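> Could you look at this predicted model? Sequence included:
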Amino acid sequence: MTYKAEYERSINQPEDFWREQAEQLPWYKKPTRILEKDEKGAWRWFVDGELNTSYCALDYHVENGRAEQTAVIYDSPVTDSKSKLTYRQLRDQVATFAGGLRKLGVEKGDRVVIYMPMVPEALVAIYACARLGAVHSVVFGGFAPHELAVRIDDAQPKVIVSASCGIEVSKVIPYKGMLDEAISQAQHKPDHLVVLQRPQQTCELKAPMDVDWEEVSKADPVDPVPVKATDPLYVLYTSGTTGKPKGVVRDNGGHAVALKYSMKTVYNIDPGEVFMAASDVGWVVGHSYIVYAPLLAGCTTVVYEGKPVKTPDSGAFWRMIEEYKISGFFTAPTAFRAVKKEDPEGKMLAKYDISSLKAMFLAGERLDPPTYHWLNELLPVPVIDHWWQTETGWAIAGNMMGLEAVQPKAGSATYPTPGFNVQILDSKGEQAPANEEGSVCIKLPMPPGCLTSVWGDHARYESSYMAAYPGYYLTGDGGKFDEEGYLFIMGRTDDVINVAGHRLSTGEMEEIVASHPGVAECAVIGVADELKGQLPVGLVITKDGWDGDPAELEKELAALVRKEIGAIACYRQTLVVDRLPKTRSGKILRKILRNIADGKEYQVPSTIDDPASLSEIEDAMKGQGLVS
């Protein structure tokens, strides 16, 4: 089927369309009520269906010829270890660990917080929760105790599952002390803490609260528990504007149907093939495309405990593609900017055979055209920019590799995914014409797999996402469609600056600045200006080996922006810095950079990768007389 026909059917006949996709799953009770509103007025999918996500992803494949196929490949350069689990082995480990959790009192509907490094046991714990019908909430391993305590109080878990430590490139992060501190800070106290002892650093366990992973894993195996399609599968916390994280609720049925559909439609990955998402199980990409989607689709997934560079070098991704014959690879643009910085000419690629690769996928932040062009010239396969959010759980837009891939455009996420009725709305709630920027919204109902509420606070779900434009979900991103229907996401709506009454996209300026041959990475922010309201300022990391004059670079960048956008942009000032403050998932903290420049207070987010980078930036800005 052509993309156009598939997309139009998904929008015009959503119930028939998604009923057919649901047929691809092994339900205990097939749904007959496909789409209805619940008592709170929220749209819900497959209302009377019953299934178990752990059964769909594991037992079903064991029973249907994939028992000895590799389900999980574990590759850990930081511990110098590798291993594999077949579908049968993973199913058996999940069944016994679920039995152990049940002995600790975990039942259907209970919450379990999982605070784990990138090890196969993280998947075992997640699937064990799903098997019991318990709701898992994965918190990124290494989160500070306060942030972990906030999530413990919100989710109120019966049990926490963790490990003795996490391992970074040059350090071991002891988890147990952080967990104990978090539990002491939290109002809610879990009944038990299950700890996987890692040989790199063990920890003391205090009975009866603390329980060794090995003991829990000796329980009798349990069968999957049937749950309603509308029952929650997990809660995943994402940043909220108030400082209190929002617990995105994902249901069982819609999630399984959407992710199974996406593996072929979005990524063109067939059962038996190897798919790798270079992310972490603590992020939505890890949930969707390390843990769930590949196994729902009968594929092999890769759990990678390492970095794109320095574990041991910038050829890490290419090595794994060759070694595991990976068909689809998915990571964030920031990962390849790191590779590009260390290996600007892509020489490491020549050492490896990546002929198994069908396409390279990037999401998590805007794919800037210079990085897109660098990868596109380097790789013999399509480079696919696709756009989605924690809240949606899968791609809102992309170049549909499983339908009919079209010619990409740099800076564009291509077309909306079937099921997502994406519209650009102006401030009056009317559709913006082609090439005019506005708020990117999704007309309700959203397709299966998207958030159904905010955990414990449905009013916040309504006010955060549904109130701005009645009948639409507000993505919080600005963007536009061009005259050919290509969707361009220009960044969060607060990344638009107002220079003397002209609304300008910092994303567009970043494209221009990043195109300079001396620039490895950049951020452009708007800083307060008495005369013009705001002025753009660039923060730039130069490429390794670049030995030019920063003052000359500043002039060249100002001339470039003037040439591409015009004098209207008023781009004059550039700071050369060693690093940019980012979240662990690679997003530059632009809002905090603006607050620093404007002399405003800011909260250091729990997701920051390196807090010291903020004080370095602040000192650099003060040195240039930038801070108000």
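On my side now, so go ahead. Numbering: from 1, shown residues only.

> Report the secondary structure element holding residue 392.
Under the criterion of DSSP states H and E, residue 392 resides outside all helices and strands.

> Name all residues that make contact with it.
With CB atoms under 8 Å, 6 or more residues apart in numbering as the criterion, the residues that contact residue 392 are 420, 446, 449-451. C-betas here are computed from N, CA, C, even on glycine.

> Pick the one among those closest to residue 244.
residue 451 (16.4 Å; CB to CB).

> Is the closest one within a helix or a strand, and which one?
Here residue 451, judged by DSSP H and E, is contained in no helix and no strand.

> Just put the contacts of residue 392 in JSON lines and tack on pLDDT.
As requested, these are exported to JSON lines (pLDDT from 0 to 100):
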{"residue": "420", "pLDDT": "98"}
{"residue": "446", "pLDDT": "98"}
{"residue": "449", "pLDDT": "98"}
{"residue": "450", "pLDDT": "98"}
{"residue": "451", "pLDDT": "97"}
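
> Quickly note the distance from residue 429 to residue 88.
Using CB to CB, to the nearest Å, one gets 53 Å for the distance from residue 429 to residue 88.

> brain fart, residue 465
For residue 465, the distance to residue 88 under the criterion CB to CB works out to 41 Å.

> Just give the strands next to the helix or strand harbouring residue 574 in its sheet, each with its orientation.
Remark: residue 574 resides in strand 573-576, with elements defined by DSSP H and E. The sheet places strand 573-576 alongside strand 533-542 (parallel), with pairing taken from DSSP bridges.

> starting at the chain centroid, how far to the strand it pairs with?
In terms of CA atoms, centre = their mean, to the nearest Å, the centre of strand 533-542 is found 26 Å from the chain centre.

> CA atoms only for the helix or strand that that strand is followed by, dumped as CSV, please.
Along the chain past strand 533-542, the next helix or strand (assigned with DSSP H and E) turns out to be helix 550-564. Taking only C-alpha atoms (Å, rounded to 0.1, in the frame of the first residue of the first chain), the coordinates of helix 550-564 have been written out as CSV:
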residue,chain,number,x,y,z
PRO,A,550,37.9,32.9,17.9
ALA,A,551,37.4,36.6,17.0
GLU,A,552,37.7,35.7,13.4
LEU,A,553,35.3,32.9,13.8
GLU,A,554,32.8,35.2,15.4
LYS,A,555,33.0,37.6,12.4
GLU,A,556,32.6,34.7,9.9
LEU,A,557,29.6,33.3,11.7
ALA,A,558,27.9,36.8,11.9
ALA,A,559,28.5,37.1,8.1
LEU,A,560,27.1,33.6,7.5
VAL,A,561,23.9,34.3,9.4
ARG,A,562,23.5,37.7,7.8
LYS,A,563,23.9,36.1,4.4
GLU,A,564,21.4,33.3,5.0
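
> Average pLDDT for helix 550-564, rounded please.
Regarding helix 550-564, the rounded mean pLDDT is 92.

> So which bits of it are buried?
Applying a neighbour-count criterion of 16 or more other CB atoms under 10 Å, one finds 553-554, 556-558, 560-562 buried in helix 550-564.

> Next SSE downstream of the helix or strand harbouring residue 286?
Remark: residue 286 resides in helix 284-286, with elements defined by DSSP H and E. Tracing the chain C-terminally past helix 284-286 and defining elements by DSSP H and E, one meets helix 293-296 next.

> one step back: now list the buried members of the contacts of residue 392.
Burial by neighbour count, 16+ other CB under 10 Å: within the contacts of residue 392 this picks out 420, 446, 449-451.

> and residue 385, what does it touch?
Applying CB under 8 Å, 6+ apart, one finds that residue 385 lies in contact with 362-363, 367, 372, 398-399, 408, 411-414.

> that older thread, the buried ones among the contacts of residue 392 into TSV, with extra columns for distance to residue 618?
Formatted as TSV, the buried ones among the contacts of residue 392 follow (distance: CB to CB, whole Å):
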residue	distance to residue 618
420	39
446	40
449	40
450	38
451	35
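
> Among the residues you listed, which pair sits farthest apart?
In those, two members sit farther apart than any others by CB to CB. They are 420 and 451, at 13.6 Å.
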